[in-house]
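J.: below: sequence and its predicted model.
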Amino acid sequence: MIVIGLISWVLGIALLCWVFFSLVSIVVPTMAGLIVFFWTYRMGAGLAAVLPAIIAGSLVLWLFRVALTTARRPEIRLAVVLAFCFPASVAGYFATTGLAEIGISSPLMRIILGVLGAAVVGAASFARLAPDADLVTGTFPSRRN
């Protein structure tokens with residue numbers, strides 16, 4: 001029985017980390033959706049606040065994609081991607097530090113793990129959001145094919 005409890009605990013933590021990682025890598029649309037949800041919920045919309053929240057998050061992600069595909073200069077594209085990756089890194093730091101507080105008592109180790117988590121989440125967010133660059137010409141392909 002103890003083994004089943006330990007296995008389910010490890011699987012639960014792994015699932016929680018996966019959900020955090022998935023949401024943190026696209027933190028800007030997620031936070032836009034949450035802000036709209038809480039605002040409309042407090043205005044008295046009840047659970048119908050989910051629809052405007054989904055629309056707001058999707059709109060922010062769509063605006064990001066439009067800005068990324070219409071920008072011609074690689075510097076502007078890099079700035080747009082970094083504008084999305086920086087909040088993801090900050091959220092990754094705090095999520096990792098919060099999870100590390102569960103089992104690690106040393107504040108220094110929690111900070112070190114938080115910085116590593118921020119680096120991993122920032123790099124994964126950059127890899128997920130950045131368009132593929134042509135290494136020979138230094139240009140990005142158009143996504144309107």
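T.: Alright, I've got the coordinates.
J.: roughly how far apart are the closest residue to residue 86 other than its chain neighbours and residue 4?
T.: Closest residue to residue 86 apart from its sequence neighbours, by Cβ to Cβ, 6 or more residues apart in numbering: residue 122 at 7.6 Å. To be clear about C-beta, it is placed using only N, CA and C from the backbone, and glycine gets the same treatment. The spacing between residue 122 and residue 4, counted by Cβ to Cβ, to the nearest Å, is 36 Å.
J.: sorry, back to before: give me the neighbour count for the residue nearest to residue 86.
T.: 22 (other Cβ atoms under 10 Å).
J.: list the helices and strands the helix ranked longest in the chain packs on?
T.: Across the chain, the longest stretch assigned as helix under DSSP state H is helix 74-103. When contacts are defined as 3 or more Cβ pairs under 8 Å, 6 or more residues apart in numbering; DSSP states H and E, helix 74-103 sits against helix 2-24, helix 27-40, helix 50-70, helix 107-129.
J.: confidence-wise, which of those helices is weakest overall?
T.: For those, mean pLDDT drops lowest on helix 2-24, to a mean of 79.
J.: quick one: that one to chain centroid distance?
T.: 18 Å (Cα atoms, centre = their mean, to the nearest Å).
J.: let me know the angle separating it from helix 107-129.
T.: 60 degrees (axes from the mean of the first three to the mean of the last three Cα atoms, to 10 degrees).
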